[in-house]
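> predicted structure and sequence below. I'll ask about it afterward.
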Amino acid sequence: MFRRRSALPDPFVRVAEHVEAAKEALVGAMPTARRPGTPLAEAIHRFEEEVAAARSALAAWDDPRHPELRAACEQALHLVAGGAQRLRLEAPALDFEGMAIVLGDLIAPLDVFQEAEHRLR
């Protein structure tokens, strides 16, 4: 995602960088054959920090040509912030498959940023 950043508005890029860091934090919780994965609580904490930073950076992205894109991205950030909070508070015991499903569902609303990138180019 975001291969040619220069073609994108700087405020969008700043938001998108935080979104990518948030996604990477959650993906890092998944164990692999080479590493056990970041503890889920730590990954969720980092995810929430990056989502909060993205929400803060969103204030600078004011594109009158695409207000619907900004609104969709803002809604996605709101959704994932709530989902992360629920996951943190419920703290369910998850096996590998369960964790993959839960984290995938949490990240899914952020796909709107890929759509926004495509439309902004």
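Received it, and whenever you're ready, just let me know what you need.
> can you give me the helices in this structure?
10-27, 40-57, 67-90, 96-107, 112-120 (DSSP state H).
> just send the ones you listed back as a markdown table, with mean neighbour count, distance to Ala33 and mean pLDDT too.
In this view, the C-beta of every residue, glycine as well, is placed from N, C-alpha and C. Listed next are the helices of the chain as a markdown table, based on neighbours: other Cβ atoms under 10 Å; distance: least, Cβ to Cβ, whole Å; pLDDT from 0 to 100:
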| stretch | mean neighbour count | distance to Ala33 | mean pLDDT |
| --- | --- | --- | --- |
| helix 10-27 | 20 | 15 | 95 |
| helix 40-57 | 18 | 19 | 96 |
| helix 67-90 | 16 | 25 | 95 |
| helix 96-107 | 15 | 12 | 94 |
| helix 112-120 | 16 | 28 | 91 |
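> distance to Arg34 for these - can I get that in CSV?
Formatted as CSV, the helices of the chain follow (distance: least, Cβ to Cβ, whole Å):
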stretch, distance to Arg34
helix 10-27, 14
helix 40-57, 17
helix 67-90, 25
helix 96-107, 15
helix 112-120, 28
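> for the residue positioned nearest the centre of the chain, list the residues it contacts.
By Cα atoms, centre = their mean, the chain has its centre lying nearest to Val19, at 4.0 Å. The neighbours of Val19, taking Cβ atoms under 8 Å, 6 or more residues apart in numbering as the test, are Glu50, Val51, Ala54, Leu77, Leu110, Phe113.
> ok, now how distant is the closest residue to Leu8 other than its chain neighbours from Pro109?
The shortest distance from Leu8 to any non-neighbouring residue, by Cβ to Cβ, 6 or more residues apart in numbering, is to Leu120 (5.5 Å). Applying Cβ to Cβ, to the nearest Å, the value for Leu120 to Pro109 is 18 Å.
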